[in-house]
Each structure stands twice: as structure tokens, then as C-alpha cells.
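Trainee: turn this into a model:
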Amino acid sequence: MKNRNVQIPYELFFQILQYFLMENYEGEERIRKGLEKKLNAMIDRELYSRYKTALTEEEREKSRQEYLERKGIPENFRW
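Mentor: Okay, here's the model as predicted:
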């Protein structure tokens, strides 16, 4: 895996700092939800990028279907 940077909202970053450095464990659930939201956005972006840059039609279609599935687009609404 390449060494990449990830951006998170300032509020989430501050909550993580409080959790680890100040031992403030009250925001644990908010941190968990914020990180899950970020992870889902990263996965969606990766699938979309694979769809757009796939070398073969099969890879492109597979990535497109995975992306649409994650987004909850019904089968009868897809092209």
C-alpha cells in the first residue's frame, strides 16, 4: 500500500487527541462513528476510481456494480 495522507474534520481530530492524550473517554462513540464515516467515504472513492480507471470492461463493470451496491441504488434503477 502506498504511503498516503487522509484528511479528517478538525472536530474529529480534536476528539481523538482528547481521547488519547487527555484520557477523556466520553467521546469514544463519536470517534468511532466519525472514523467509520471516513472509512466508508474512502472505500466509495476507491471503488469509483477503480471504475473510472479500469483497464478492462469486466473490471470496470465489477467496480461499478460494487459502488452502486454500497450506495444502495436499486437494481431496477441502474443502467
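
Trainee: only C-alpha atoms from now on, for both contacts and neighbour counts.
Mentor: Fine.

Trainee: what stretches of this protein score poorly on pLDDT?
Mentor: Scanning the chain with the threshold set as pLDDT under 70 gives 1, 78-79.

Trainee: list the contacts for residue 12?
Mentor: With contacts taken as Cα atoms under 8 Å, 6 or more residues apart in numbering, residue 12 has the following neighbours: 31, 34.

Trainee: now do the buried residues in the helix or strand hosting it.
Mentor: Under the assignment given by DSSP states H and E, the secondary-structure element containing residue 12 is helix 10-21. The neighbour-count criterion (16 or more other Cα atoms under 10 Å) identifies 12, 15-16, 18-19 as the buried residues of helix 10-21.

Trainee: ok, now stretch 21-37?
Mentor: Residues of stretch 21-37 classed as buried: 31, 34-35 (neighbour count, 16+ other Cα under 10 Å).

Trainee: distance from it to the middle of the chain?
Mentor: Here the centre of mass of C-alpha atoms in stretch 21-37, compared against the chain's by Cα atoms, centre = their mean, to the nearest Å, lies 17 Å away.

Trainee: please apply the same query to stretch 60-70.
Mentor: Shown here is stretch 60-70, whose average C-alpha point lies 15 Å from the average C-alpha point of the whole chain (Cα atoms, centre = their mean).

Trainee: same question, stretch 13-27
Mentor: For stretch 13-27, the separation from the chain centroid amounts to 22 Å (computed by Cα atoms, centre = their mean).

Trainee: list the contacts of that stretch.
Mentor: When contacts are defined by Cα under 8 Å, 6+ apart, stretch 13-27 is touched by residues 28, 31.

Trainee: between the two ends of it, how far is it?
Mentor: The first and final residues of stretch 13-27 sit 12 Å from each other (Cα to Cα, to the nearest Å).

Trainee: what does stretch 14-31 give?
Mentor: Here stretch 14-31 reaches across 10 Å from its first residue to its last, counting by Cα to Cα.
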